[in-house]
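Visitor: Prediction below, plus the sequence it came from.
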Amino acid sequence: MTLDLSILYADTGQAKLARLADYERAALAAVPPGAEVTVTGHAPVWMYLRIAHALHGRAKRLVYESPVAGPVEVFNHAPC
């Protein structure tokens with residue numbers, strides 16, 4: 001599944017550090033356990049880092065879709 005981080009703060013148009021816990025809760029609610037997730041969208045680096053941390057242990061695999069480098073695997077807990 002793809003998680004566009006910009007939708008997490010679409011109501012204000014700008015990500016707010018004070019609302020980080022809200023963004024984490026929304027991301028966790030959007031991602032089913034064991035999902036393979038690609039995070040994308042316009043968002044600050046701190047949001048990408050915290051969302052990745054929040055999804056660790058919930059998602060099986062997390063990939064960051066870099067506009068420059070393409071897909072970058074952040075973690076993969078799939079059996080070998």
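Guide: Yes, it's here.
Visitor: can you give me the strands in this structure?
Guide: In the chain, the strands defined using DSSP state E lie at 2-4, 36-40, 61-66, 70-76.
Visitor: Give me the sheet partners of the longest one and which way each runs.
Guide: Think strand 70-76. Taking DSSP bridges as the criterion, strand 70-76 pairs within the sheet with strand 61-66 (antiparallel).
Visitor: Show me which residues of the strand it pairs with are buried.
Guide: Residues of strand 61-66 classed as buried under the neighbour-count rule (16 or more other CB atoms under 10 Å) are 61-64. Where you see a C-beta, it was placed from the backbone N, CA and C, and this is true even at glycine.
Visitor: go on, stretch 53-60?
Guide: By neighbour count with 16+ other CB under 10 Å, stretch 53-60 contains the buried residues 54-55, 59-60.
Visitor: picking up where we left off before, deepest of the strands of the chain, which one?
Guide: For these, ranked by mean neighbour count under the definition mean count of other CB atoms under 10 Å, the leader is strand 36-40 at a mean of 18.
Visitor: and that one, what does it pack onto?
Guide: Secondary-structure packing of strand 36-40 (3 or more CB pairs under 8 Å, 6 or more residues apart in numbering; DSSP states H and E): strand 2-4, helix 45-55, strand 61-66.
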